[in-house]
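Undergrad: What would the 3D arrangement of this be:
(one chain, ligands or ions: 3)
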Amino acid sequence: MAYNKLIRTLMIEIPSVPGSLGKVTTAIGVAGGDIGEVKTIKVGLAYTLRNITVQFENEEQLSEILAAINKLDGFRVQTVSDEVLRAHEGGKVQMKSKVPIESLADLSRVYTPGVANVCRVIQEEPEKAKIYTNIGNSVAIVTDGTAILGLGDIGPVAGMPVMEGKSALFDQLVGINGIPILLDTKNPDEIVETVKHIAPGFSGILLEDIGSPHCFEVEERLKKALDIPVMHDDQHGTAVVTLAAVISACKSTGVDLKEASVGQIGLGAAGLAICRMLMAYGAKSVLGADRSQEAKTRLENYGGTAVDQLEELMERCDIVIATTGVAGLIKKEWVRKGQIILALSNPKPEIERGEALEAGAAYAADGRSVNNVLGFPGIFRGVLNAQAKEVTHPMLVAAAEAIASCTKPGDLVPQPLDPEVHEAVAAAVENVALNLGKK
Ligand SMILES: NC(=O)c1ccc[n+]([C@@H]2O[C@H](COP(=O)([O-])OP(=O)(O)OC[C@H]3O[C@@H](n4cnc5c(N)ncnc54)[C@H](O)[C@@H]3O)[C@@H](O)[C@H]2O)c1
Ligand SMILES: O=C(O)C[C@H](O)C(=O)O
Ligand SMILES: [Mg+2]
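TA: Residues are numbered from 1 along each chain as shown. Ligands and ions are numbered 1, 2, ... in the order given. Reported below is the predicted structural model:
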């Protein structure tokens, strides 16, 4: 099956007569569809319901395939679903019991009346909640839905598939129980108040896809108010992974970051944090561009240099990073030979990797590979292991260096499903947390 084709699964009502399946598959093939899986859903006396997975070039071809099937006597396409949507049916995560409850004795042990004594133990010594509940391994994934990927302010419910994705990654990559929390307010005071009130059930707060500028205030206030780690992923998770990619790129191209000019396009949550991280790590100069004057002023307040034209930034910088959410923003003709380009917006980058390389970039990557999935799981595993009360800058730098050290020569970052990188990030963060704790 080709990589770049579209895939849909067609649920088709097919007459329960021998030869019917042949008729429908032929019709699909003649219309240009490439058949993958065929699955029988229901066998009836008159009709059989089958799911047929079909690959095709474009929406126009899909319409032709559907018309060809519906033209067959007695055949009907009931639904057209895509693989990605199907993978989301019923959601991606669930809360499951860890204990069997099969007898009344089990019931009285895990629930009433036994549970009352456990409550009293925790009441007397609150620290014991870490032992006798799952709080010590739980992180809230909190969004107000205002900057869901590069899709913008689409609301928290529409953003839930991203939050469930982060939760699935937490579980699979580092065994953390990540609970999505959707907030129906964009008001910073209300966000802060709500998160403060739900915090007792968690040992960490991952703020996700909260737009700028209110994300800065929300994170700062929550960090001050809570004695558990709070981290805005789009700021610091992204900055960590970007620093790791920059370290690898500099190593491979022989560029010294202390001699390099970095240009950041988009100074929102991700962009400003990337600038701050690279300035703190010693980049010679950090230039930034944004369509918002307020965002540029914010960069200047942190010591960066704002520029008005993207062309100027592209002209002056050795390393260019973009986090605007605007697909195709960087023109091919702006790319300088030997430049390092990280176009990190999801779901589509500011310039496709292939295009940037064709235009002469020494290294190019998009937001699928340079993605904060390489950072947030290990960072939280590390702080939870250390029972740290906050995520600090040295922890973030240690995480970035750990990611860079797991990167194979020629790559910018490791493969995100490689367990080694998450273990390395967790160990690096835990180490910093414990050393700080001893001071
Ligand atoms: N790869 C990753 O791991 C990763 C992580 C976080 C965010 N991102 C991506 O980065 C993008 C931005 O996310 P964010 O959370 O920073 O959002 P944000 O809304 O906080 O910031 C976006 C910024 O881009 C600016 N901008 C928009 N259009 C522009 C243009 N044409 N020219 C200049 N500036 C422009 C906006 O003014 C804003 O300051 C999203 O697409 C998101 O998917 C990627
Ligand atoms: O969710 C992702 O893929 C990365 C990042 O958090 C984003 O907002 O784009
Ligand atoms: Mg995000």
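
Undergrad: In the stretch 1-150 of the chain, which residue sits nearest ligand 2?
TA: Nearest to ligand 2, among the residues of the stretch 1-150 of the chain, is residue 149, at 4.4 Å (Cβ to the nearest ligand atom). C-beta coordinates here come from the backbone N, C-alpha and C atoms, glycine included.

Undergrad: With the stretch 251-400 of the chain instead?
TA: residue 346 (3.7 Å).

Undergrad: ok, that residue to residue 85 distance?
TA: With distances taken as Cβ to Cβ, to the nearest Å, residue 346 is found 18 Å from residue 85.

Undergrad: Tabulate the CA atom coordinates of stretch 312-324 in CSV.
TA: C-alpha atoms of stretch 312-324 as CSV (Å, rounded to 0.1, in the frame of the first residue of the first chain):
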residue,chain,number,x,y,z
GLU,A,312,15.5,39.6,7.2
LEU,A,313,15.5,37.0,9.9
MET,A,314,16.1,34.2,7.3
GLU,A,315,18.9,36.2,5.8
ARG,A,316,20.7,36.9,9.1
CYS,A,317,20.3,33.6,10.9
ASP,A,318,22.3,30.3,10.9
ILE,A,319,19.6,28.4,12.7
VAL,A,320,15.9,29.1,12.0
ILE,A,321,13.0,27.7,14.1
ALA,A,322,9.4,28.3,13.4
THR,A,323,6.3,27.8,15.6
THR,A,324,3.6,29.9,14.2
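
Undergrad: hmm, it in reach of ligand 3?
TA: No - using Cβ under 5 Å from the ion, stretch 312-324 stays clear of ligand 3, with a minimum separation of 10.1 Å.

Undergrad: Just the buried residues of that stretch, please?
TA: For stretch 312-324, a neighbour-count test (16 or more other Cβ atoms under 10 Å) marks 313, 314, 317, 318, 319, 320, 321, 322, 323, 324 as buried.

Undergrad: mind checking the SS state of residue 227?
TA: Judged by DSSP: H, G, I helix; E, B strand; the rest coil, the three-state class of residue 227 is coil.

Undergrad: next one: residue 356
TA: Under three-state DSSP, residue 356 falls in the helix class.

Undergrad: Compare neighbour counts for residue 346 and residue 85 and give me the winner.
TA: Higher neighbour count among residue 346 and residue 85: residue 346, with 18 against 12, using other Cβ atoms under 10 Å.

Undergrad: can you pull the pLDDT of the more buried one?
TA: At residue 346, the model reports a pLDDT of 92.

Undergrad: roughly how far apart are it and residue 150?
TA: According to Cβ to Cβ, residue 346 and residue 150 sit 6 Å apart.

Undergrad: Could you pick out the residues of the stretch 151-300 of the chain near ligand 1 for me?
TA: Taking Cβ under 6 Å from any ligand atom as the measure of proximity, the stretch 151-300 of the chain contacts ligand 1 at 211-212, 234, 238, 241, 265-271, 289-292, 295.

Undergrad: Just the buried ones among those, please.
TA: Among these, those classed as buried by 16+ other Cβ under 10 Å are 211-212, 234, 238, 241, 265-271, 289-290, 295.

Undergrad: for these, which one is nearest ligand 3?
TA: Comparing these against ligand 3 with Cβ to the ion picks out residue 234 as the nearest, at 4.4 Å.

Undergrad: what sits against the residue nearest to that closest one when sequence neighbours are not counted?
TA: Leaving out its chain neighbours, the residue that sits closest to residue 234 by Cβ to Cβ, 6 or more residues apart in numbering is residue 269, at 4.2 Å. Residues in contact with residue 269 (Cβ atoms under 8 Å, 6 or more residues apart in numbering) are 147, 210, 211, 212, 215, 216, 232, 234, 235, 238.

Undergrad: What's the per-residue pLDDT of residue 269 here?
TA: Value for residue 269, per-residue pLDDT: 96.

Undergrad: who's in contact with the one residue in the chain that gets nearest to ligand 1?
TA: Here the residue of the chain nearest ligand 1 is residue 268; by Cβ to the nearest ligand atom that distance is 1.7 Å. With contacts defined as Cβ under 8 Å, 6+ apart, residue 268 is in contact with 147, 211, 212, 290, 295, 323, 324.

Undergrad: Let's see that with 6 Å instead.
TA: Contacts for residue 268 (Cβ atoms under 6 Å, 6 or more residues apart in numbering) come out as residue 212.

Undergrad: For it, grab phi and psi.
TA: Main-chain dihedrals, residue 268, degrees, to the nearest 10: phi -90, psi -150.

Undergrad: sorry, back to before: show me the residues of the stretch 151-300 of the chain next to ligand 1 that map onto helices.
TA: Secondary structure defined by DSSP state H assigns 238, 241, 269, 270, 271, 295 of these to helices.
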